[in-house]
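Asker: what follows is a predicted protein model with its sequence.
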Amino acid sequence: MIYLDLFLGFLKVGCFAFGGAYGAIPLIRDVVASYGWLGEEMLTYMIAVSESTPGPIMVNLATYVGSSQAGFLGAVIATLAVVLPSFLIILLVTALLKTASKNPYVQAILRGMKPCVIGIVLATGIYMVLGNCFGTLCAAAVNLQSIIMTVISAGSMLGYKHFAKKKLSPILLIVISAMAGAVVYGI
């Protein structure tokens, strides 16, 4: 039964996750919480690990959750389920690309989805920062270490942009955050 749950849960994530991995985090959180596979704190840690490891966040999370719930076969099933919809959609889009890209209705749908995806990504970021720094409504608690890490990350991005006159590379931000995390949380 766990294999079917993993397949259906991550198939839902794969089918309805528009806007990339950051747009999918709320959906992943909902699926994982509804099945009780991971707690909120563990899921937040796994999102951070998935962001800093090679590969798409959705695939990394699906693989981890599948592995933690049902071993190697669970990891394979969850990973296949999360990538299957994208794979099939890409095959379909490739076949219909010439006619679909000129269709004004398709263009209108894609233009309409852009602000929604931006809002979902922004809301996810705010939710994660506030949840980690100040806790949830049920268990409000100030986490000074998380606040320090947030200030260091934001300060690094803004300071680099101000002095270097360009955006900070995500890779460099991950390295800075890892070093700051080792100092703030203690090695």
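Answerer: Structure's in. What do you need? Numbering: from 1, shown residues only.

Asker: what's the neighbour count on the nearest residue to Asn143 once chain neighbours are set aside?
Answerer: Once flanking residues are discounted, Asn143 sits nearest to Cys133: 5.8 Å by Cβ to Cβ, 6 or more residues apart in numbering. Backbone N, C-alpha and C define where each C-beta goes, glycine included. Neighbour count for Cys133, taken as other Cβ atoms under 10 Å: 18.

Asker: now do Tyr45
Answerer: With other Cβ under 10 Å as criterion, Tyr45 counts 12.

Asker: is it true that it lies in a helix?
Answerer: Yes - under DSSP: H, G, I helix; E, B strand; the rest coil, Tyr45 falls within a helix.

Asker: how close does it get to Asp30?
Answerer: Separation of Tyr45 from Asp30 (Cβ to Cβ, to the nearest Å): 18 Å.

Asker: and Ala48, by the same measure?
Answerer: In terms of Cβ to Cβ, Ala48 sits 19 Å off from Asp30.

Asker: quick one, which of these two is more surrounded?
Answerer: Regarding Ala48 and Asp30, a neighbour count based on other Cβ under 10 Å identifies Ala48 as having more, with 16 against 13.

Asker: show the pLDDT at the more buried one.
Answerer: Ala48 is assigned 83 on the pLDDT scale.

Asker: element containing it?
Answerer: helix 40-52 (DSSP states H and E).

Asker: tell me the buried residues in that helix?
Answerer: Counting neighbours by 16 or more other Cβ atoms under 10 Å, one finds that the buried residues in helix 40-52 are 43-44, 46-48, 50-51.

Asker: cool, stretch 67-77 as well?
Answerer: 67, 69-70, 74-77.

Asker: what residues does it touch?
Answerer: 2-3, 6-7, 37-38, 62-64, 66 (Cβ atoms under 8 Å, 6 or more residues apart in numbering).

Asker: from the chain's centroid, how far away is the helix or strand in which Gly131 is found?
Answerer: Per DSSP H and E: Gly131 is located in helix 104-134. The chain centre lies 12 Å from the centre of helix 104-134; the measure is Cα atoms, centre = their mean, to the nearest Å.

Asker: do the same with stretch 34-52
Answerer: 10 Å.

Asker: do stretch 144-156 as well
Answerer: 20 Å.

Asker: quick one: mean pLDDT for that stretch?
Answerer: Averaging pLDDT along stretch 144-156 gives 90.
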